[in-house]
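Asker: quick one: sequence and predicted model below, then my questions.
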Amino acid sequence: QVRLVESGGGLVQVGASLNLSCADPRRTFSNNGVGWFRQAPEKEREFVAGISWNGGEKRYADFVKGRFTISRDRYKNTVSLRMNGLMPEDTAVYYCAAALRASIGTAEPDYRYWGQGTQVTVSS
């Protein structure tokens, strides 16, 4: 059963922006932290950004600081990832996940439910 649904990926050129969205129709993460991860071909999945249950705490991987912004709309129960200044190394499948707790985790075991991912491809 799909609990989280990502959207907003696509094929863009270097320097472009994309806005990824994670929808939670079953209200899985209403009171939980939410994270974005990504997995590039032949690489392990890695943490990108996370936000606490009320949006009061945010955390970013070093490689996206200053370029990506995570936010959440508690009324719509969605979490967004705004990605600016995209580079070819940002090419990956991006996943959102609902944390086990209200706070942010940076490791996969910190998360219980995952979406199916959305592909982001940045061409040079």
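Answerer: Sure, I can see it.
Asker: contacts, neighbours, all on C-alpha from now
Answerer: Fine.
Asker: count the residues that sit near the closest residue to residue 17 other than its chain neighbours.
Answerer: With CA to CA, 6 or more residues apart in numbering as the criterion, residue 17 has its nearest non-adjacent residue at 4.4 Å, and that residue is residue 84. When neighbours are counted by other CA atoms under 10 Å, residue 84 registers 17.
Asker: then residue 79?
Answerer: Residue 79: 25 neighbours (other CA under 10 Å).
Asker: am I right that it is in contact with residue 19?
Answerer: No: between residue 79 and residue 19 there is no contact under CA atoms under 8 Å: 10.4 Å.
Asker: now do stretch 5-13: distance to the chain's middle.
Answerer: From the chain centre to the centre of stretch 5-13 is a distance of 11 Å (CA atoms, centre = their mean, to the nearest Å).
Asker: ok, stretch 81-100 next?
Answerer: Using CA atoms, centre = their mean, the offset of stretch 81-100 from its chain centre is 5 Å.
Asker: one more: stretch 92-109?
Answerer: Counting by CA atoms, centre = their mean, stretch 92-109 comes out at 8 Å from the chain centroid.
Asker: no further questions, thank you.
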